[in-house]
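[1] with the sequence up front, the predicted model follows.
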Amino acid sequence: MAQNAKVKNVVLVHGAFADGSSWSKVIPLLQTRGFHVTSVGIPLTSFADDVAATKRAVAVEDGPVILVGHSYGGVVITEAGNDSKVVGLVYVAAFAPDANQTITDISRPFPPPPGATMVKPLTDGFILLTPDGIKTAFAQDLTKEEKALLIAVQPQTAGAIFEAKPAAAAWQNKPSWYIVASNDNMIAPEQEKSMAKQMNATTTVLPSSHVAMLSHPKEVAKVIEDAAAGKK
């Protein structure tokens, strides 16, 4: 399913342990190419809340939308991408479950990544990634200053979101693109390749940590631009 004309609206969805600023390097690159870009600040309080926030962002766009998700944000776009305005999906080192599948379900066949053990429990079922987790597993290829910023702005994440199940998987009937981060310590790279293959996604492999949009922003922006142009 290719678009007849270049799509101008891009909606970005961050993952767990991050906020909308994780797209800070990609946003200006897309804006200079004429895109209208929205980075959704999903609350990470529940899957339903995160999908609702994303759908509100899509609803106010003035035309077709490319929906982009990083990490857990891939689960969100898998559900929110069923919106009729969404014409393409871009997964950036992201989970891509099928309907009624959780992150736990789709991760079971693969080796647990190092970052899985670097989580600190808070009260009320919320969790944080430890500073060491940010430095060594989440963003090991960023500068010291960039890692410090990620630690400072990290939001609290509800642990329950990792058991969320999309009711329907938008990638089943919409074109998808996938960026594999080959040095990912938060999701096994072989799992990323497997998910991309299952979706029949147009796949790009980058020698990146989990946060490919921060360590390789030009390449990530290019994939989003290709998706907007319908280039498979």
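    Received the coordinates, thanks.

[2] quick one: distance of stretch 34-48 to the chain centre.
    The offset between the C-alpha centroid of stretch 34-48 and the centroid of the whole chain comes to 10 Å, using C-alpha atoms, centre = their mean, to the nearest Å.

[3] what's the end-to-end length of it?
    Between the start and the finish of stretch 34-48 there is a gap of 31 Å, counting by C-alpha to C-alpha, to the nearest Å.

[4] start and end of stretch 168-182, how far apart?
    Across stretch 168-182, first to last residue, C-alpha to C-alpha, it's 28 Å.

[5] and it, average pLDDT?
    For stretch 168-182, the mean pLDDT works out to 98.

[6] mind listing what's buried along it?
    Judged by neighbour count (16 or more other C-beta atoms under 10 Å), stretch 168-182 contains these buried residues: 169, 170, 171, 174, 175, 176, 177, 178, 179, 180, 181. Yep, even glycine has a C-beta here, placed from its N, CA and C like the rest.

[7] so which of those is the closest to residue 143?
    Taking C-beta to C-beta as the measure, residue 181 is the one of the buried residues of stretch 168-182 closest to residue 143, at 17.5 Å.

[8] I'd say the closest one and residue 213 touch.
    No - at 9.8 Å, residue 181 does not count as touching residue 213 under the criterion of C-beta atoms under 8 Å.

[9] spit out the residues that contact these two alike.
    By C-beta atoms under 8 Å, 6 or more residues apart in numbering, residue 181 and residue 213 have these common neighbours: residue 92.

[10] what's across from the residue nearest the centre of the chain in the sheet?
    The centroid of the chain falls nearest to residue 70 when counting by C-alpha atoms, centre = their mean (1.3 Å). Per DSSP bridges, the residues bridged to residue 70 are residue 92.

[11] read off the pLDDT value for it.
    We note a pLDDT of 98 for residue 70 in this prediction.

[12] what's the answer for residue 153, then?
    On the pLDDT scale, residue 153 is placed at 98.

[13] try the one 3 residues further on
    Model confidence at residue 156, expressed as pLDDT, equals 98.

[14] can you pull out the strands in this protein?
    9-13, 36-40, 65-70, 86-92, 119-121, 126-129, 157-158, 176-181, 202-206 (DSSP state E).

[15] chain neighbours aside, what residue packs nearest to residue 133?
    Nearest residue to residue 133 in three dimensions, chain neighbours excluded: residue 118, at 3.0 Å (C-beta to C-beta, 6 or more residues apart in numbering).

[16] and what of residue 153?
    Counting by C-beta to C-beta, 6+ apart, residue 153 lies nearest to residue 19, which is 5.4 Å off, once chain neighbours are set aside.

[17] pull the contacting residues for the one you found.
    Residue 19 makes contact with 41, 153, 154, 155 under the criterion C-beta under 8 Å, 6+ apart.

[18] quick check: the farthest pair among these?
    Pairwise distances across the contacts of residue 19 (C-beta to C-beta) peak at 13.3 Å, for the pair 41 and 154.
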